[in-house]
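[1] Whatever this is, show me its structure:
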Amino acid sequence: MTIASRLTGTRREDAGVVGLSAGYFFCVLSAYYVIRPIREEMGVAGGVENIPWLFTGTLAAMLLAHPVFAALVSRWPRRRFVTVTYRFFMACLVIYYIVLTALPQGGQAAIWAGRSFFVWTAVFSLFVVSVFWSFMTDIHTERQGRRLFGLIGVAGTLGAILGSSITAFLIESLSPATLLWFSIVLLECAVACMRGLDRRTGGQGRDAAAPPSDEEVIGGSPLDGIRHVLASRYLLGICVFMLLFTIGSTFLYNIQADIMSRTFVDPAERTSVFARINLAVNALTLVTQLFLTGRIMKRFGVGLTLAFLPLLSVAGFLALGAAPVFAVFVVFQVLRRAGNFALAVPAREVLYTVLPRRDKYKAKNFNDTFVYRAGDQVGAWSFAGFGALGLGTAAMAWSMAPVAVVWLGVALWLGRKQKGLAA
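    Alright, predicted model coming up:
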């Protein structure tokens, strides 16, 4: 075994599939991170007080989008519905380029276009990543997932660093609309990688109950994902895990908007700070994924790996409540997001490797998109309600500590259930 194999956990036969998987994830996250700081600035520019309404719009969009995607999964082979999904988002980016270029900056029409872009990006970010991980859980076994998902995540982190760097260093010379073309090109590269993977795996997915034939259509109803989540304790547990994560994330996002609007006045400076936070997150994530993720998953298992982020959140929210200032926020935000990408996401995706194919695409997509944004909705309106009652930033942070404790319990339970299903 080579030194590289020992460090990465790969085998000679993994090289082709891992390389294409890495390229796929690199392009997807790079495309998203180009536009993420633009979305953050548009959210602030549209008014911090309007963020709960933007999350309401996002939830409504998800409610419409999930059945459409599930219908494509039911009727088309994997290669086709994944391609169509990514190219739909590429077409949307072209439309936003035209709209944002045509509208005068600072006008009311531009503000409303920014709000719609905020909602659209929230849908885009979850769909493109969810489809990627559905594909990964479809072509890898549970053992391969524990061994390789962290390594594949390294490529995503590198892509996120590139995307953040593009915006951080070009925002002064290029308009936000022009930067969208970087995302368009990167998404087409992601499609090319996906097609290469599909050819290597023969269009097949891994389903222990019934190994599919080449180009098999998954079939079923567009509502299968919702029904299966409600009928399965395991899938419902993943749903609750996702819900509690997003509620805490939305509280932290609103705290971020408040702290950033008070600390920085210039929109370009805020965009740059957002991009630099993303760079710090991705640098820490990269180091963790390279040297720790696979070892932690192998040594402690899925449950304890999942439990790290809730435990960190308990401590982080208590610290932010004690000192609700920019420095504390940045440290907590960077650690929390890096912990999510480096540990929680790979462990959460392994949860789906023990399920049938229909659940990897339909139930997973429902949890990753609608449930995720439902948590945003609960978090956004809870935050607004607490604010109306006169609670400040410190009290908001403290209120999330007990939620994180419950989240910790759910993580440990899911780890035990996954171990049993994998046995």
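
[2] Find the nearest non-adjacent residue to F132, please.
    V28 (5.3 Å; CB to CB, 6 or more residues apart in numbering). (C-beta placed from N, C-alpha, C; glycine too.)

[3] what about that neighbour, how many neighbours?
    By the criterion of other CB atoms under 10 Å, V28 has 29 neighbours.

[4] how about the helices in the stretch 301-423 of the chain?
    Assigned by DSSP state H, counting those that start in this stretch, the stretch 301-423 of the chain shows helices spanning 326-339, 345-350, 357-358, 364-365, 372-388, 393-422.

[5] will you turn those into CSV that also has mean pLDDT and mean neighbour count?
    Below are the helices of the stretch 301-423 of the chain laid out as CSV (pLDDT from 0 to 100; neighbours: other CB atoms under 10 Å):
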stretch, mean pLDDT, mean neighbour count
helix 326-339, 93, 18
helix 345-350, 94, 26
helix 357-358, 90, 22
helix 364-365, 94, 26
helix 372-388, 88, 20
helix 393-422, 95, 18
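
[6] Which one, of those helices, ends up nearest to S74?
    Of all the helices of the stretch 301-423 of the chain, helix 357-358 sits nearest to S74, with 8.8 Å by CB to CB.

[7] for the residue nearest to F132, what are its contacts?
    V128, V129, F132, G156, G159, L186, L187, A190 (CB atoms under 8 Å, 6 or more residues apart in numbering).

[8] Kindly recompute the last result at 7 Å.
    V128, V129, F132, G159, A190 (CB atoms under 7 Å, 6 or more residues apart in numbering).

[9] okay, these in a markdown table with secondary structure and neighbour count next?
    Listed next are those as a markdown table, based on DSSP: H, G, I helix; E, B strand; the rest coil; neighbours: other CB atoms under 10 Å:
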| residue | secondary structure | neighbour count |
| --- | --- | --- |
| V128 | helix | 20 |
| V129 | helix | 18 |
| F132 | helix | 24 |
| G159 | helix | 26 |
| A190 | helix | 26 |
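
[10] Can you list the buried residues in the host helix or strand of F274?
    Assigned by DSSP states H and E, F274 belongs to helix 267-288. Buried residues in helix 267-288, defined by neighbour count with 16 or more other CB atoms under 10 Å: 270-275, 277-286, 288.

[11] Need the residues that contact that helix.
    In contact with helix 267-288 (CB under 7 Å, 6+ apart) are residues 33, 36-37, 40-41, 44-45, 154, 157-158, 160-161, 164-165, 167-168, 171-172, 260, 264, 330, 333-334, 337-338, 341-342.

[12] Of those residues, just the buried ones, ChimeraX syntax please.
    Remark: buried members of these, expressed as a ChimeraX selection using 16+ other CB under 10 Å:
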select :33,36,37,40,41,44,45,154,157,158,160,161,164,165,167,168,171,260,264,330,333,334,337,338,341,342
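
[13] Look up how far F370 lies from the residue nearest the centre of the chain.
    For the chain, the residue nearest the mean C-alpha position is L126 (5.3 Å; CA atoms, centre = their mean). Distance, L126 to F370, by CB to CB, to the nearest Å: 9 Å.

[14] before we move on, what about F117?
    20 Å.

[15] Ok, V94 next?
    For V94, the distance to F370 - CB to CB - is 26 Å.

[16] Which of the two has more residues huddled nearby?
    For V94 and F370, the more surrounded residue by other CB under 10 Å is F370, and the numbers stand at 24 against 12.

[17] And the pLDDT at that one?
    pLDDT, F370: 91.

[18] where's the closest residue to it other than its chain neighbours, which helix or strand?
    If the residues on either side of it in the chain are set aside, F370 comes closest to M62, at 4.6 Å by CB to CB, 6+ apart. Using DSSP H and E, M62 sits in helix 51-75.

[19] show me where pLDDT drops low in the stretch 101-250 of the chain?
    202-215 (pLDDT under 70).

[20] how about a cut-off of 80?
    Across the stretch 101-250 of the chain, the ranges flagged by pLDDT under 80 are 105-107, 201-216.

[21] Just list the residues touching the nearest residue to D224 once chain neighbours are set aside, thanks.
    With CB to CB, 6+ apart as the criterion, D224 has its nearest non-adjacent residue at 4.9 Å, and that residue is K362. Applying CB under 7 Å, 6+ apart, we find K362 in contact with A70, V73, D224, G225.

[22] tell me the contacts of the first one?
    Going by CB under 7 Å, 6+ apart, A70 touches P222, D224, G225, K362, N365.

[23] sorry, back to before: just so I know, which of the helices of the stretch 301-423 of the chain lies nearest P52?
    Of these, nearest to P52 by CB to CB is helix 372-388, at 4.0 Å.

[24] Now do the closest residue in space to A344 that isn't next to it in sequence, the pLDDT please.
    Using CB to CB, 6+ apart and skipping the chain neighbours, the partner closest in space to A344 is L309 (4.4 Å). Note on L309: pLDDT of 97.

[25] again, but for P37
    85.

[26] Kindly report the same for the one 10 residues further on.
    The per-residue pLDDT reported for G47 equals 72.

[27] What about it, how many residues nearby?
    14.

[28] cool, the one 5 residues further on as well?
    One way to gauge burial is a neighbour count; for P52, by other CB under 10 Å, it gives 21.

[29] Spell out which residues sit in contact with it, please.
    So P52 contacts A380, W381, A384 (CB under 7 Å, 6+ apart).

[30] Adding distance to R147, write those out as TSV.
    Output for the contacts of P52, formatted as TSV (distance: CB to CB, whole Å):
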residue	distance to R147
A380	38
W381	41
A384	43
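
[31] what helix or strand does P104 sit in?
    Using DSSP H and E, P104 falls outside every helix and strand.

[32] mind checking how far the closest residue to it other than its chain neighbours is from L103?
    Distances taken as CB to CB, 6+ apart place A110 nearest to P104, at 6.4 Å, with adjacent residues excluded. In this view, A110 and L103 are 4 Å apart by CB to CB.

[33] Next: A70.
    If you go by CB to CB, the gap between A70 and L103 works out to 34 Å.

[34] With R75 instead?
    On the measure of CB to CB, R75 and L103 end up 37 Å apart.

[35] which one of the two has more residues nearby?
    L103 (17 against 14).

[36] can you pull the pLDDT of the residue nearest to Q377 when sequence neighbours are not counted?
    Distances taken as CB to CB, 6+ apart place L59 nearest to Q377, at 4.7 Å, with adjacent residues excluded. Looking at L59, its pLDDT is 85.
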